[in-house]
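Visitor: Sharing a model prediction with you, sequence too.
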Amino acid sequence: MNRRMTSLLAKLAMVFLATNLASSATPLATVPFAASRGGDRVMVPVNLNGSNGLSFMLDTGFSMTMIHPSLAEPLRLRRAGEITIQGIAGEEQAPTYEGAIFNIGGVKYQPRRVATLSSDSNRRRRRDGILGSGVFRQFVVELDFKRREMILHAPTNFTYTGTGEVLPLRFRRSSTTPLITGVINRTNGTSIRGEFEIDTGCDSGVCLGHEFIEANHLLDHSGTQAAEKFGVGGGTQTRSGHLPQVQLGAIKIEKPETDFFIESSPVDSGLAGHIGIGVLKHYKVIFDYSRKQMILGMPGP
């Protein structure tokens, strides 16, 4: 082998090594999570202002990090105003607070403000709060549902080079919830394209808004059952069933569980609905807001 070829191979090896080092950069934290209610909630253990043993739901659908109202006083948070939280059945005013410092697997997360919902005081306490979009803006968040681990990466040194479907995300100015283009493939060979929010706080596979359902004649009452969804603002009537197939990029999801909203919508006008945890939990999911992309990969062994 001549010297020129040897030099070229050496350079290629260096590039290969650098690429793999970049893609395998040491994560900031690996945090085991609990998957409640059959795997439809990602519950992350946190330390908040020195208080251990707290459990927060990871939710891309919330613009703010929320805490249970009973925690604000003992954690000595400072009242800092009020915001309006929009939900599936209405809206609610939420007091905001400053001074919350989270420790997530040894990593510090300090949102400018957190909020509380007064209505949570009247419900059985199933969680201590919600980790909202701020976590996804600060970190690249990887969810390994098979191992039940959340891995946090620094956006600056994260590079993805593995197999999987890389899906572009976009964000509306009025919302911090990521949007993705999806396709509903019907049994008659026709397809419907729509914009969906990616909502890890949604326990269904797919939720469809009433406006989108009516415009595309998607509800077959014979194949669905009456149900009700609850969230901010109260409850709303739905029917539960299945779509034939939903496609995200090249990935085809067969017969995902679907909630059809008989009234109102889980999303703003013009959007189709949500892609929820019922779909996402079958994949290894990486949220990279810094590059406006979500990656769906098959779970490892």
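Guide: Structure's in. What do you need?
Visitor: Where does Val279 sit: helix, strand or coil?
Guide: Classification of Val279 by DSSP: H, G, I helix; E, B strand; the rest coil places it in helix.
Visitor: So Asp220 is in contact with Leu243, correct?
Guide: No: assessed by C-beta atoms under 8 Å, Asp220 is found out of contact with Leu243, at 10.4 Å. Yep, even glycine has a C-beta here, placed from its N, CA and C like the rest.
Visitor: Which one's more surrounded, the two?
Guide: When Asp220 and Leu243 are compared for neighbours, Leu243 comes out ahead with 20 against 11, by other C-beta atoms under 10 Å.
Visitor: In contact with that one, which residues?
Guide: 184, 206, 218, 255-256, 258 (C-beta atoms under 8 Å, 6 or more residues apart in numbering).
Visitor: Could you measure from it over to Ile180?
Guide: Using C-beta to C-beta, to the nearest Å, one gets 16 Å for the distance from Leu243 to Ile180.
Visitor: swap in Phe287?
Guide: Taking C-beta to C-beta as the measure, Phe287 falls 11 Å from Ile180.
Visitor: Would you mind grabbing the residues shared as contacts by the two?
Guide: Shared contacts of Phe287 and Ile180, counting by C-beta under 8 Å, 6+ apart, come down to Met294.
Visitor: These two - which one has more neighbours?
Guide: Phe287 (24 against 18).
Visitor: Which SSE is immediately downstream of the lowest-mean-pLDDT helix or strand in the chain?
Guide: Lowest on mean pLDDT, DSSP states H and E among the helices and strands of the chain sits helix 3-23, with a mean of 37. Downstream of helix 3-23, the first helix or strand assigned by DSSP states H and E is strand 29-32.
Visitor: List the buried residues for that next one?
Guide: Val31 (16 or more other C-beta atoms under 10 Å).
Visitor: Just the CA trace of that strand, in PDB.
Guide: Presented in PDB, the C-alpha positions along strand 29-32 are these (Å, rounded to 0.1, in the frame of the first residue of the first chain):
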ATOM      1  CA  ALA A  29     -28.100  12.400  32.900                       C
ATOM      2  CA  THR A  30     -29.900   9.100  32.600                       C
ATOM      3  CA  VAL A  31     -33.100   9.000  34.700                       C
ATOM      4  CA  PRO A  32     -35.300   6.000  35.300                       C
END
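Visitor: Give me the average confidence score over that strand.
Guide: Averaging pLDDT along strand 29-32 yields 96.
Visitor: and what of stretch 192-203?
Guide: On average, stretch 192-203 scores 94.
Visitor: next one: stretch 56-67
Guide: Average pLDDT, stretch 56-67: 92.
Visitor: how about it as PDB, C-alpha atoms only?
Guide: The C-alpha trace of stretch 56-67 is given here as PDB (Å, rounded to 0.1, in the frame of the first residue of the first chain):
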ATOM      1  CA  PHE A  56     -43.500  14.900  37.800                       C
ATOM      2  CA  MET A  57     -45.200  14.000  34.500                       C
ATOM      3  CA  LEU A  58     -43.200  14.800  31.300                       C
ATOM      4  CA  ASP A  59     -45.500  16.700  29.000                       C
ATOM      5  CA  THR A  60     -44.700  18.400  25.700                       C
ATOM      6  CA  GLY A  61     -48.200  19.800  25.600                       C
ATOM      7  CA  PHE A  62     -47.700  22.200  28.500                       C
ATOM      8  CA  SER A  63     -46.000  25.500  27.900                       C
ATOM      9  CA  MET A  64     -45.000  25.900  31.600                       C
ATOM     10  CA  THR A  65     -43.800  23.700  34.300                       C
ATOM     11  CA  MET A  66     -46.600  23.100  36.800                       C
ATOM     12  CA  ILE A  67     -46.600  22.200  40.400                       C
END
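Visitor: Could I get the contacting residues of the closest residue to Gly297 other than its chain neighbours?
Guide: Distances taken as C-beta to C-beta, 6 or more residues apart in numbering place Gly164 nearest to Gly297, at 3.2 Å, with adjacent residues excluded. Contacts for Gly164 (C-beta under 8 Å, 6+ apart) come out as 284, 286, 295-298.
Visitor: hmm, 10 Å instead?
Guide: 249, 251, 283-286, 294-298 (C-beta atoms under 10 Å, 6 or more residues apart in numbering).
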